[in-house]
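Trainee: Mind folding the following:
(2 chains)
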Amino acid sequence: MEQFLALTPKQFQFTAKALSDRRHNNRAMQYHLHGFDIEGTDADFIDKEFEAMMKSISEKHHKQEHGALNILDKERTEMQDGKKS
Amino acid sequence: MPVDLLPVESSCEIKIGGVDVTLDLRPFTLGDLAFMQREFPTEQSRMEIAKLNADPLCKIVWHMLTPESKKHFSNIKFVDYDEEKEQPIEIEVKGYKKLFHSITKTDDLLKLFMAYSESESLNNFVPDLIKKKVKN
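Mentor: I've put the predicted structure just below:
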């Protein structure tokens, strides 16, 4: 604690920023290890890429769900019309 | 732009007990920041330092003086006048009051303030980085 208090505010500020940057880089590495296709380690870029990917996955999932429901509906109506036994 | 992170010290030359002495101030640290927030919690109380109000200014400067600089005050005798006995008497003064009672000129107060503000401003947070939104 005493060592911490002996830092000047400026030193503390830059140390904190350096740690934050390192955490950013670590996160970038995590994304990379998990198979995300990223070209750089810029955090903003990664975040955007990650968001876009999550959005596309979500949309795809949504479409699949809707598609399945449509097929069920179609089958139900066909059964009701007597086209299918 | 590279930023120099080396702590910056400051000093000033004032007259104590009729002798010119150089007082060295430590670099302003997080400990001093905590001291400031504890002793001067309001904006108004901090403004008193900038207004060269001797008591708060001496309090913060004394807190930041190096031990070597504080030694200059160890041999000084502080004298008051006893109204009943009608003669000068020696009084015991402790802590920042030693500096407070040693100051005789406004000029010296200004020098103390300049030394304090140099150490405080050069070691304190850099405003540009605070404004910049740090994402994470």
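Trainee: Every contact and neighbour count from this point should use C-alpha atoms.
Mentor: Noted.
Trainee: can you tell me which residues contact the spatially closest residue to B:Glu92 that is not a sequence neighbour?
Mentor: The spatial neighbour of B:Glu92 that comes closest, neighbours along the chain excluded (C-alpha to C-alpha, 6 or more residues apart in numbering or on different chains), is B:Phe78 at 6.9 Å. The contact partners of B:Phe78, taken as C-alpha atoms under 8 Å, 6 or more residues apart in numbering or on different chains, are B:Glu90, B:Ile91, B:Glu92, B:Val93, B:His101.
Trainee: Now, those residues that are in strands?
Mentor: Using DSSP state E, the subset of those located in strands is B:Glu90, B:Ile91.
Trainee: Just list whatever residues bridge to the residue nearest to B:Glu92.
Mentor: B:Ile91 (DSSP bridges).
Trainee: separation between it and chain A?
Mentor: Here B:Phe78 is placed at a distance of 33 Å from chain A (C-alpha to the nearest C-alpha, to the nearest Å).
Trainee: cool, B:Glu84 as well?
Mentor: Taking C-alpha to the nearest C-alpha, one finds B:Glu84 at 48 Å from chain A.
Trainee: Tell me how many other residues surround that residue.
Mentor: For B:Glu84, the neighbour count with other C-alpha atoms under 10 Å in any protein chain shown is 6.
Trainee: go on, B:Gly95?
Mentor: B:Gly95 has 13 nearby residues by other C-alpha under 10 Å.
Trainee: and what of the one 3 residues further on?
Mentor: By other C-alpha under 10 Å, the residues close to B:Lys98 number 19.
Trainee: can I assume it is in contact with B:His72?
Mentor: No. B:Lys98 is not in contact with B:His72 according to C-alpha atoms under 8 Å; the separation is 10.2 Å.
Trainee: What parts of chain A come near chain B?
Mentor: Chain A comes close to chain B at residues A:Phe4, A:Leu5, A:Ala6, A:Leu7, A:Thr8, A:Pro9, A:Lys10, A:Gln11, A:Gln13, A:Ser20, A:His24, as judged by C-alpha under 8 Å from any C-alpha of the partner chain.
Trainee: out of those, who's nearest B:Glu48?
Mentor: When the residues of chain A next to chain B are compared for distance to B:Glu48 (C-alpha to C-alpha), A:Pro9 comes out closest, at 22.2 Å.
Trainee: how near is B:Ser11 to B:Ser45?
Mentor: 24 Å (C-alpha to C-alpha, to the nearest Å).
Trainee: Give me the more crowded residue out of the two.
Mentor: Legend: neighbour count by other C-alpha under 10 Å for B:Ser11 and B:Ser45, higher for B:Ser11 (19 against 14).
Trainee: which residue packs closest to that one, ignoring adjacent ones?
Mentor: Closest to B:Ser11 by C-alpha to C-alpha, 6+ apart is B:Asp24, at 4.3 Å.
Trainee: Show the contacting residues for the one you found.
Mentor: B:Glu9, B:Ser10, B:Ser11, B:Cys12, B:Leu65, B:Thr66, B:Ser69.
Trainee: Can you report how many residues neighbour the residue of chain B found nearest chain A?
Mentor: Nearest residue of chain B to chain A, counting by C-alpha to the nearest C-alpha: B:Thr29, 4.0 Å away. For B:Thr29, the neighbour count with other C-alpha under 10 Å is 24.
Trainee: same thing with the one 5 residues further on?
Mentor: Neighbours of B:Ala34 under the rule other C-alpha under 10 Å: 13.
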